[in-house]
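S.K.: this one's structure only:
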């Protein structure tokens, strides 16, 4: 059997090497239009900053090594320009010449390409770049060579934009981010992205959110925003998103779907017989919403490449979809997510609840413990977990990985407290943050607690609810709500006569734990009370301008 693979990197090379392990006698040919068929594209920003020192470290495999170990016929700088499903041939362009190659099975792994908006003056800009592959990186580094700082602009504040922001700041640039969404990291909910915003501002990054680029002037050195603001830039990186690279598939009458992605069945086969597709270019099923989705991440692409190889080798496998687990480092902060965010959950499901908890990455009494804030989105009726987000300095990856596994396994919020996770003081807590958010979510689902979200607080106070801050006076003087009644938790029982059973109360502390204790106390004394989810620490991160600082 002769198998042709179009595109290398994650999906294509995973398929090629797995195929060889399963089909020693198959003829396997890999075409890639770029010079490098196997490289670490996720590591590109870190070579720019110098954190990955050697460029060669980005090259995972070379055609020569792949030939020697796997007997793969890898042909870089060879662009497949046409597919003929009838004759089962592809047309390949190489060094100005073209030739045809036949196949028995064809696997497409063309990936995704950066979105380049049609903006006035962009065609004349000499300092505007995208980052997809090593030649892109080389181009950027050549432009930056000899520069000791300057002004850099990132258009788009998604994962790549934030990674590039950190890299350029480390190279001495004054960095500006322009993001058309209301907040940075648009895939996160606003309050969780606020932690990232705070970290960026602390590092001197200038932010323009709710803004789009209108045009470029002076060969790209001046960027004009929608509101007329002009931003000076020596180097600009476009990171406004990616789109499936499916022009080749479309020319072969392969059916496309959402965002132009390639439609495949549960065995990765397209509507054209014996043509399969994997990776960033295909439409997948979101396993939570069961809707079509496109998820451009390395882990799903690698898995898909392996699975399609199994299928071609006769091993039964099915494409089950993805949930989109991702992580990013932004200076000293880590932000990670899995599943869907609150906004998307409310668009898709009738019953949605959220809960925030604040814990430590390891035992609080052991030196070096740092905060982790976790948000869980779930169904309060069934306990189904829709998604989670977490931010912190350390241990974020572990917690989101556990929650991603729980989602994949069909576990509910009621299962989270049952998870037996490793514990020793340097590594975790006896009640891990994952256990704790399971407890908190279960309390909501079972009616032991009733919460109010940060975005509903102002409206509730306007309708007559009274906010009680149960923090200690020493905490309150460092920052407080404008109209809160301060009754420290330890004095609450002796001051109950100051409260009115006819009033609605909202309780808050620093993180939500003490206010939950206050909520339980007050409810058992007959008061109507809700707990401010995430409490002061979350609210002041999202809306610092509403706090009073004495």
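M.R.: Yep, that arrived. Treat the numbers as computed from the prediction; the structure is a model and nothing was measured. Numbers count the residues shown, from 1 in each chain.

S.K.: which residues in the stretch 151-300 of the chain form strands?
M.R.: Per DSSP state E, counting those that start in this stretch, the stretch 151-300 of the chain carries strands over the ranges 173-179, 206-209, 213-217, 222-225, 230-232, 235-238, 242-244, 275-277, 284-285, 292-293.

S.K.: so the residue lying closest to residue 404 once chain neighbours are set aside bridges to which residues?
M.R.: Of all residues beyond its chain neighbours, the one nearest residue 404 is residue 338 (3.9 Å), with distances taken as C-beta to C-beta, 6 or more residues apart in numbering. (Glycine included, C-beta is placed from N, CA and C.) Beta-bridge pairing for residue 338 (DSSP bridges): residue 388.

S.K.: next one: residue 276
M.R.: Beta-bridge pairing of residue 276 under DSSP bridges involves residue 107, residue 269.

S.K.: is it true that it touches residue 108?
M.R.: Yes: with contact defined as C-beta atoms under 8 Å, residue 276 reaches residue 108; the gap is 7.0 Å.

S.K.: intersection of neighbour lists for the two?
M.R.: residue 270 (C-beta atoms under 8 Å, 6 or more residues apart in numbering).

S.K.: any idea what residue 93 is bridged to?
M.R.: Here residue 93, judged by DSSP bridges, has bridge partners residue 79, residue 98.

S.K.: and for it, the neighbour number?
M.R.: Around residue 93 there are 16 other residues, counting by other C-beta atoms under 10 Å.

S.K.: who are the contact partners of it?
M.R.: Contacts of residue 93 (C-beta under 8 Å, 6+ apart): 78-81.

S.K.: of those, grab the buried ones for PyMOL.
M.R.: Selecting only the buried entries of these in PyMOL, with 16 or more other C-beta atoms under 10 Å as the criterion:
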select buried, resi 78+79+80
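
S.K.: and the strands in the stretch 1-150 of the chain?
M.R.: Remark: strands assigned in the stretch 1-150 of the chain by DSSP E, counting those that start in this stretch are 2-6, 27-31, 38-39, 59-61, 73-75, 79-84, 89-94, 97-102, 105-108, 112-114, 128-129, 150-155.

S.K.: most packed of these?
M.R.: Stretch with highest mean neighbour count among those: strand 105-108 (a mean of 26; mean count of other C-beta atoms under 10 Å).

S.K.: counting contacts, what elements does that one pack onto?
M.R.: strand 2-6, strand 275-277, helix 298-312 (3 or more C-beta pairs under 8 Å, 6 or more residues apart in numbering; DSSP states H and E).

S.K.: what's residue 217 in contact with, if anything?
M.R.: Contacts of residue 217 by C-beta under 8 Å, 6+ apart are 121, 223-224, 230.

S.K.: so what sits opposite it in the bridge?
M.R.: residue 222.

S.K.: confirm residue 377 sits in a strand?
M.R.: Yes: assigned with DSSP: H, G, I helix; E, B strand; the rest coil, residue 377 falls within a strand.

S.K.: dig out what it forms beta bridges with.
M.R.: residue 354, residue 387.

S.K.: related to what we said a few turns ago, make a ChimeraX selection of the buried ones in the contacts of residue 217.
M.R.: Restricted to buried positions by 16+ other C-beta under 10 Å, the ChimeraX selection for these reads:
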select :121,223,224
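
S.K.: need the contacts of residue 217 in JSON lines (columns: distance to residue 51 and pLDDT).
M.R.: Below are the contacts of residue 217 laid out as JSON lines (distance: C-beta to C-beta, whole Å; pLDDT from 0 to 100):
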{"residue": "121", "distance to residue 51": "33", "pLDDT": "96"}
{"residue": "223", "distance to residue 51": "27", "pLDDT": "97"}
{"residue": "224", "distance to residue 51": "33", "pLDDT": "97"}
{"residue": "230", "distance to residue 51": "32", "pLDDT": "96"}
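
S.K.: Throw the contacts of residue 217 into JSON lines and include distance to residue 248, thanks.
M.R.: Converted to JSON lines, the contacts of residue 217 look like this (distance: C-beta to C-beta, whole Å):
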{"residue": "121", "distance to residue 248": "30"}
{"residue": "223", "distance to residue 248": "33"}
{"residue": "224", "distance to residue 248": "36"}
{"residue": "230", "distance to residue 248": "40"}
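
S.K.: is it correct that residue 267 is in contact with residue 310?
M.R.: No: applying C-beta under 8 Å, one finds residue 267 not in contact with residue 310, separated by 9.8 Å.

S.K.: which residues are in contact with both of these two?
M.R.: Common contacts of residue 267 and residue 310 (C-beta under 8 Å, 6+ apart): residue 317.

S.K.: report the beta-bridge partners for the spatially most central residue of the chain.
M.R.: In the chain, the residue lying closest to the centroid (C-alpha atoms, centre = their mean) is residue 326, at 4.0 Å. Following DSSP bridges, residue 326 is listed with bridge partners residue 337.

S.K.: could you list the buried residues of stretch 155-164?
M.R.: 155-164.

S.K.: ok, stretch 33-46 next?
M.R.: The neighbour-count check on stretch 33-46 (16+ other C-beta under 10 Å) flags 33-34, 36-41, 43-46 as buried.

S.K.: could you do stretch 111-125 as well?
M.R.: 111-114, 119, 121-122, 125.

S.K.: one step back: residues in contact with the residue nearest to the centre of the chain?
M.R.: Residue 326 is in contact with 159, 187, 297, 336-338, counting by C-beta under 8 Å, 6+ apart.
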